[in-house]
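Colleague: Pasting the sequence and the predicted model now:
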Amino acid sequence: MDKWADIISRHEINISDNFSFNKTFGDPIKIKEWTFNGLPSDSFSIQNAVVLEKCAKQAICIDPQYQANKWIKTQDAKDLKILNFNDNNFVQHLEFAVKFGKRVLIENVGQKIELILYPLIKREY
């Protein structure tokens with residue numbers, strides 16, 4: 001937040017002393033719902049959830065404690081396709097989900113992103 005505030009100040013944009021990312025960009029009702037559905041209530045987790053909700057592109061979550069994973073599954077239980085690279089027919093399931101506009105959670109990606117995902121990340125459908 002401090003780095004972001006410095007950037008804003010350098011561009012001579014006024015910012016209040018008590019600025020809160022979560023209060024400015026987050027919806028208090030949604031934040032309550034998220035915490036009810038398992039999102040940790042700390043400011044960092046809520047900031048990440050707000051960014052995840054507002055982003056127009058794909059989100060990559062580094063989630064060593066599986067908190068985001070659990071929360072995403074709870075939030076989007078109906079419309080979420082959960083995939084793992086070890087799944088049979090992974091590519092076919094992924095293609096089907098993309099073709100029909102389904103949200104996809106790919107678990108246990110590892111430290112390197114598989115080449116099969118590059119076109120999706122670049123939005124080259």
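Modeller: Yep, that arrived.
Colleague: first vs last residue of stretch 83-95, how far apart are they?
Modeller: With Cα to Cα, to the nearest Å as the measure, the ends of stretch 83-95 fall 11 Å from one another.
Colleague: Relative to the whole chain's centre, how far out is it?
Modeller: Taking Cα atoms, centre = their mean, to the nearest Å, one finds stretch 83-95 lying 20 Å from the centre of the chain it belongs to.
Colleague: So what touches that stretch?
Modeller: In this structure, residues lying in contact with stretch 83-95 by Cβ atoms under 8 Å, 6 or more residues apart in numbering are 81, 97, 104-109, 114, 116, 120. Yep, even glycine has a C-beta here, placed from its N, CA and C like the rest.
Colleague: So residue 14, which state does it fall into?
Modeller: Of the three states, residue 14 takes coil according to DSSP: H, G, I helix; E, B strand; the rest coil.
Colleague: So which of the contacts of stretch 83-95 sit within strands?
Modeller: With strands taken from DSSP state E, the overlap with those comprises 81, 104-107.
Colleague: Of those residues, which is the nearest to residue 48?
Modeller: Set against residue 48, the nearest of those by Cβ to Cβ is residue 105 (15.0 Å).
Colleague: Leaving out the residues flanking it, which one is nearest to the residue nearest the centre of the chain?
Modeller: Within the chain, one residue has its C-alpha closest to the average C-alpha position: by Cα atoms, centre = their mean, that is residue 52, at 3.4 Å. Leaving aside its sequence neighbours, residue 52 sits nearest to residue 59 (Cβ to Cβ, 6 or more residues apart in numbering; 5.1 Å).
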